[in-house]
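Trainee: make a model of this:
(4 chains)
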Number of protein chains: 2
Amino acid sequence: MSNYQNDQIKHFADVFKALSNPNRLRMFLHLATCCVPGTVGSFDAEAGVSACVGDLGRDLQIVPSTVSHHIKELHRAGLIRMERRGQKIECWVDPVILRDLARFFEEPLAK
Amino acid sequence: MSNYQNDQIKHFADVFKALSNPNRLRMFLHLATCCVPGTVGSFDAEAGVSACVGDLGRDLQIVPSTVSHHIKELHRAGLIRMERRGQKIECWVDPVILRDLARFFEEPLAK
DNA sequence: CATATATTTCGATACATGTCGAACTATCAA
DNA sequence: TTGATAGTTCGACATGTATCGAAATATATG
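Mentor: Okay, the predicted model is just below:
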């Protein structure tokens, strides 16, 4: 049986809900593959390699207010971090969440 | 940037949607931790170690029709497999999907 | 200050979801 | 064949979600 407690289940369900919208999943992947601090040459706002809200909406065919809404959801679920830098708001993924999620699916196999 | 194509994104979004409901996630974890063929001593319907629809609904406080609905969603998303055995319908998790999902979150870190 | 850029908030709308209960189908066993 | 057990299907209802556009806020710059 699963070892997860009720709160953890609800937390992960919430995380998966945040990733259940294709546009939101695209944004998350964009950040996860470009903007994870610790990943080689990926997070460097000075060098322009991180992503701001506007970057994430580009190529996505949705208006800024919708992008903002989606980013709020990702942030609420604890999937991304944000910090204002001048006019822009930089977003990135904490690698810890990626490891947690990978382990979530690996654990049942490891038993 | 992400290497996933549109169809793959939609597929994963669909998988996460299936896992975004706490009750459904509980059912999936139940199966993933007890009923994965290949996992030591876990999948043996004869020995009564697999789970049928009724087993999955027990302890969950929802009526059978709702359980059935949730299982259909998990199946539709490709997360579980089902097979009738007499009156009962046995469910289990294909370990391949667990590996795919683990890799989905590991990949960005490995780069 | 006035204007431009970046983002958020709000209200509206159309659509999807979770749950229930009642009625139905499938299988087994007497 | 009758009844019991296991699941599914259907319709209803309340709630949640994705998206838009308009208006508001924050920051930088002339």
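Trainee: when you work out contacts or count neighbours from here on, use the C-alpha atoms and nothing else.
Mentor: Will do.
Trainee: what comes up buried for stretch A:75-95?
Mentor: Within stretch A:75-95, the residues that qualify as buried are A:75, A:77, A:78, A:79, A:80, A:82, A:90, A:91, A:92, A:93, A:94, A:95, counting by 16 or more other Cα atoms under 10 Å in any protein chain shown.
Trainee: is the closest residue to the first one other than its chain neighbours bridged to anything, and to what?
Mentor: In other words, residue A:75. Spatial nearest neighbour of residue A:75, excluding adjacent residues (Cα to Cα, 6 or more residues apart in numbering or on different chains): residue A:81 at 6.3 Å. Beta-bridge partners recorded for residue A:81 (DSSP bridges): residue A:92.
Trainee: read off the pLDDT value for residue A:42.
Mentor: You'll see residue A:42 listed with a pLDDT of 49.
Trainee: whoops, I mixed them up, residue A:110
Mentor: Note for residue A:110: predicted pLDDT of 83.
Trainee: could you measure it against DNA strand D, distance?
Mentor: Distance from residue A:110 to DNA strand D, counting by Cα to the nearest atom of the strand, to the nearest Å: 27 Å.
Trainee: now do residue A:86 against residue A:31, distance only.
Mentor: Going from residue A:86 to residue A:31 by Cα to Cα, to the nearest Å gives 20 Å.
Trainee: right, and the residue nearest to residue A:75 touches residue A:91 too?
Mentor: Yes: contact criterion Cα atoms under 8 Å: residue A:81 and residue A:91 qualify, at 5.6 Å.
Trainee: make sure residue A:84 is indeed in a strand.
Mentor: Yes: assigned with DSSP: H, G, I helix; E, B strand; the rest coil, residue A:84 falls within a strand.
Trainee: now for it: which residues touch it?
Mentor: Contacts for residue A:84 were tallied using Cα atoms under 8 Å, 6 or more residues apart in numbering or on different chains; they are residue A:90.
Trainee: just the element for residue A:28, please.
Mentor: In the assignment (DSSP states H and E), residue A:28 maps to helix A:22-34.
Trainee: what's that helix packed up against?
Mentor: helix A:53-57, helix A:64-76, strand A:88-92, helix B:6-18, helix B:95-110 (3 or more Cα pairs under 8 Å, 6 or more residues apart in numbering or on different chains; DSSP states H and E).
Trainee: who in chain A is up against DNA strand C?
Mentor: Taking Cα under 7 Å from any atom of the strand as the measure of proximity, chain A contacts DNA strand C at A:52-55, A:64-69, A:71-72, A:87-90.
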